[in-house]
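> Coordinates only, no sequence provided:
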């Protein structure tokens, strides 16, 4: 009996060690795919972002598709497009990325910036992080350490990660407007809703970019 218990314990310790090693040796996307901040790249294969494994109550029509031609399909079939260092909706610039990695515009209620490790956060640390597997983790609100969106390629195979900044930005637009409690326990003035304990008003995409 003791031998069996000792064996189980050693296996558990070995698994923990392997997990710790995997975490410590994993490289951020800024090293895996060191793309410049601008201009924004588009994926070589269309990528669809849908509900992640986080135990959130996702609103209806939650998701987004970034196509290989640079076009974006937001909820309710609202169309956008990546052009250079900007995001266009209806021909209007609704978001701009600076060469230094600052992201701001009408599509977002806060100003964000890319960190050295590829996180896209505001000055308080709230924001998102995308993994090489396409999972988008929100930081600053509910569901810590859980992905609230997952990108998968429309075709077979894995995405090549070179357009990770674009996917991270587009995911942030959807999350901030449709699942703001994933970024902040208490919504700031102008955010959708007030606190996570109250009902949230989710504005339609037609109101996101004004």
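Received, thanks. Quick caveat: nothing in here was measured; it's all calculated off a predicted structure.

> Report how many residues lie close to the closest residue to residue 114 other than its chain neighbours.
Sequence neighbours aside, residue 101 is the residue nearest to residue 114 in space, at 3.7 Å (criterion: C-beta to C-beta, 6 or more residues apart in numbering). Where you see a C-beta, it was placed from the backbone N, CA and C, and this is true even at glycine. For residue 101, the count of nearby residues is 17 (other C-beta atoms under 10 Å).

> for the one 10 residues further on, same thing?
Residue crowding around residue 111 was assessed by other C-beta under 10 Å; the count is 11.

> Is it in contact with residue 103, as I believe?
Yes: between residue 111 and residue 103 there is a contact at 7.2 Å, judged by C-beta atoms under 8 Å.

> So which residues of the protein form helices?
2-25, 29-32, 164-178, 205-208 (DSSP state H).

> what's next to the last one, contact-wise?
Spelled out, that is helix 205-208. The contact list for helix 205-208, computed with C-beta atoms under 8 Å, 6 or more residues apart in numbering, reads 74, 75, 76, 78, 94, 106, 107, 173, 177.

> how near is the residue nearest to residue 114 to residue 148?
For residue 101, the distance to residue 148 equals 22 Å [C-beta to C-beta, to the nearest Å].

> do the same with residue 172
For residue 172, the distance to residue 148 equals 11 Å [C-beta to C-beta].

> between these two, which one's more packed in?
Neighbour count, other C-beta under 10 Å: between residue 172 and residue 148, residue 148 has more, with 29 against 25.

> Looks like the more buried one contacts residue 140 (just checking).
No: applying C-beta under 8 Å as the test, residue 148 and residue 140 come out as separate, 11.6 Å apart.

> if we can go back for a sec, please flag which of the contacts of helix 205-208 sit within strands.
residue 94 (DSSP state E).
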